[in-house]
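A.B. asks: Kindly generate the corresponding structure for this input.
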Amino acid sequence: AHPAAVAVSPDGSTLLVQARKTALRQVCVAAPPPPPSFAPIVVPPSTFSADMAKTWGDASLPQGMVTFLVGDDEERVEHVTKANLCARSPVFRTMFGIGMKERDAAEVTVRNTDLATFTALVRYLCTDQLDLGEGEGEQARRALVLRELAQMYQVPRLELLCAQALQESVAPATAVPLLEAAHTTGDGRLLAQCRRYVADHAAEVRASGGVEQLRDLGVAKGLLGDALDQVAELKGTVAARDVELEKVRA
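C.D. replies: Below is the predicted model:
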């Protein structure tokens, strides 16, 4: 006998079957695996006031200001108080420490970054404000490179703020670039989040040009593997439902 009615639960885990002149029968099907879970990113309270208090009464701190020459074009970030930088970053404390050539230098060259990102680092150190620019794509890019600077200059709270911003910026237009960046930097949390997002929002990612943005062959293979796993999972679910339907018909 053929079933009189068939329904599937919204999450795809349960099949409801009713044969003619019989009660409703519930069939449980294996649900898809849950996404990887990570502890939430917790940003600690600001230490800005306490850090600034360290600039009072410490004779070992350097005097005066410094101008940074940033990047290959040596763009200028001018007149930054050295003592404030030392109070906020151990790396700057060492750079401007007693006996270092930078202590009395009026200009310091900074390579391997861009003006906007280094300015964002200095602004955070001097004002406690996070500036990631404007626009979805630009904010995600800035958060990535600013996080690297935060690691380099040992500013852990800024690093966490950037990680939090990255987590919140995963969207159709940013998922693939962020996925590749996470793969390159070994960021397991962001990698898992982006892979799941691409799997769950494939149409939106493709419509935004995400497929064309792929550059990393390893990431492309990973996404293909995810797609094949989903197809296999779907086939297994359909096969299980077919078996249960045959049992009902029998």
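A.B. asks: measure the closest residue in space to residue 128 that isn't next to it in sequence to residue 87 for me?
C.D. replies: Among residues not flanking residue 128 along the chain, residue 48 sits closest, at 4.0 Å (CB to CB, 6 or more residues apart in numbering). C-betas here are computed from N, CA, C, even on glycine. For residue 48, the distance to residue 87 equals 9 Å [CB to CB, to the nearest Å].
A.B. asks: Repeat that for residue 69.
C.D. replies: For residue 69, the distance to residue 87 - CB to CB - is 23 Å.
A.B. asks: would you put the C-alpha positions of stretch 195-211 in PDB?
C.D. replies: The C-alpha trace of stretch 195-211 is given here as PDB (Å, rounded to 0.1, in the frame of the first residue of the first chain):
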ATOM      1  CA  ARG A 195      33.200  27.200   5.800                       C
ATOM      2  CA  ARG A 196      29.900  26.700   7.500                       C
ATOM      3  CA  TYR A 197      28.600  30.100   6.200                       C
ATOM      4  CA  VAL A 198      29.600  29.200   2.600                       C
ATOM      5  CA  ALA A 199      27.900  25.800   2.900                       C
ATOM      6  CA  ASP A 200      24.700  27.300   4.400                       C
ATOM      7  CA  HIS A 201      24.500  30.400   2.100                       C
ATOM      8  CA  ALA A 202      26.000  29.000  -1.100                       C
ATOM      9  CA  ALA A 203      23.600  30.900  -3.500                       C
ATOM     10  CA  GLU A 204      24.200  34.200  -1.800                       C
ATOM     11  CA  VAL A 205      28.000  33.800  -1.800                       C
ATOM     12  CA  ARG A 206      28.000  32.800  -5.500                       C
ATOM     13  CA  ALA A 207      25.700  35.800  -6.400                       C
ATOM     14  CA  SER A 208      28.100  38.200  -4.600                       C
ATOM     15  CA  GLY A 209      31.100  37.000  -6.700                       C
ATOM     16  CA  GLY A 210      32.500  34.800  -4.000                       C
ATOM     17  CA  VAL A 211      33.500  31.900  -6.400                       C
END
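A.B. asks: Tell me the buried residues in that stretch?
C.D. replies: 195, 196, 197, 198, 199, 201, 202, 205, 208, 210 (16 or more other CB atoms under 10 Å).
A.B. asks: if we can go back for a sec, which one of residue 48 and residue 87 is surrounded by more residues?
C.D. replies: Taking other CB atoms under 10 Å, residue 48 and residue 87 do not tie; residue 87 has more neighbours (22 against 17).
A.B. asks: Hmm, residue 57 and that one touching each other?
C.D. replies: No - applying CB atoms under 8 Å as the test, residue 87 and residue 57 come out as separate, 11.9 Å apart.
A.B. asks: just to revisit the earlier point, could you find the lowest-pLDDT member of the buried residues of stretch 195-211?
C.D. replies: Note: of those, the lowest pLDDT belongs to residue 210, at 67.
A.B. asks: still on that earlier bit, secondary structure and distance to residue 52 added to the buried residues of stretch 195-211, as a markdown table?
C.D. replies: Converted to a markdown table, the buried residues of stretch 195-211 look like this (DSSP: H, G, I helix; E, B strand; the rest coil; distance: CB to CB, whole Å):
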| residue | secondary structure | distance to residue 52 |
| --- | --- | --- |
| 195 | helix | 42 |
| 196 | helix | 41 |
| 197 | helix | 39 |
| 198 | helix | 43 |
| 199 | helix | 46 |
| 201 | coil | 44 |
| 202 | helix | 48 |
| 205 | helix | 44 |
| 208 | coil | 43 |
| 210 | coil | 43 |
